[in-house]
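Trainee: With the sequence up front, the predicted model follows.
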Amino acid sequence: MAVESIPRRTVVDLLEARLREDILSGTHGPGSLLPPERELAAGYGVTRTTLKHALMRLEQAGLLSTRHGIGTRVLDYLRTGGADLLPMLAAQDPRWLREVFEVRRHVGTLIAGRAAGRRTDRQARRLEHLLRQVADGPDADAVQLADVEVHRELARATGNRVYLLLTNTLFNAYLPVRAALRAPFEDAARAADRLAPVVRAVAGRDVAEARRAAEAYLADTEKLMLGSMSGPRGRPRAGSPR
């Protein structure tokens, strides 16, 4: 049996996560300057070199801005950030997951309708193949990842690459905590049955039915996934990948 290796976290990784949590939780508020590096490094119990690496990562993520002679300022990510922040925000606060799923439902419904009107014969066959992979998934994780590929193919079938990037962004926002959201995928056959009406409608070029089926599917799985979350303040179950 293949075993997935456990990624090793360096001190820089741990410090980045701690700083990110402190920024997103408001400990370091938007617009504020972080303490001087020497003081900040001492407060977190790390070297200044480690701190510099962590700060550089957070600056690249759009959470910080460093100016020589002024210092490092916390940015208002709701004003300056992009969709690439969604994975860390969703991991930090489960309320973001609910908002991600709301957008997933609206965008996914639109994509299904566009796919029905624009798909090629090859894409229709590909969708049928991917649906069989959902049905044949050996476990909930494999079924969920196979389901993701169906939605990526639907986005490709629109002929608009922006829809594909949006789809990737939404999935990237919650796949790191997917172990806590596996409820709709525990039964592979049932998962495929839920998704089949979407694939059939797109293959049949029925735009209205594709939209209706996608909205029903996405609303149903959203309810199941969010309902499976538990723990303090609705955080994903212990042991979920973060």
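Mentor: Received, thanks. Numbers count the residues shown, from 1 in each chain.
Trainee: Checking my notes, residue 138 in a strand, right?
Mentor: No: assigned with DSSP: H, G, I helix; E, B strand; the rest coil, residue 138 falls outside any strand and is coil.
Trainee: Show the contacting residues for it.
Mentor: Counting by CB atoms under 8 Å, 6 or more residues apart in numbering, residue 138 touches residue 188. For every residue, glycine as well, the C-beta is placed using N, CA and C.
Trainee: quick one, phi/psi of it?
Mentor: phi -80, psi -20 (degrees, to the nearest 10).
Trainee: Can you give me the separation between it and residue 225?
Mentor: Here residue 138 is placed at a distance of 20 Å from residue 225 (CB to CB, to the nearest Å).
Trainee: now residue 194
Mentor: From residue 194 to residue 225 the distance is 12 Å (CB to CB).
Trainee: so what sits against both of these two?
Mentor: In contact with both residue 194 and residue 225: residue 184, using CB under 8 Å, 6+ apart.
Trainee: now the helices for the chain?
Mentor: Here the chain has its helices, by DSSP state H, at 11-24, 37-44, 48-60, 77-80, 86-92, 94-118, 121-135, 140-157, 161-174, 188-203, 207-227.
Trainee: which one of those helices has the lowest average pLDDT?
Mentor: Lowest mean pLDDT of the helices of the chain: helix 86-92, a mean of 81.
Trainee: Give me the buried positions along that helix.
Mentor: 86, 87, 88, 89, 90, 91, 92 (16 or more other CB atoms under 10 Å).
Trainee: now swap in stretch 98-114 and tell me
Mentor: Those would be 100, 101, 104, 105, 107, 108, 109, 110, 111, 112, 113, 114, for stretch 98-114 by 16+ other CB under 10 Å.
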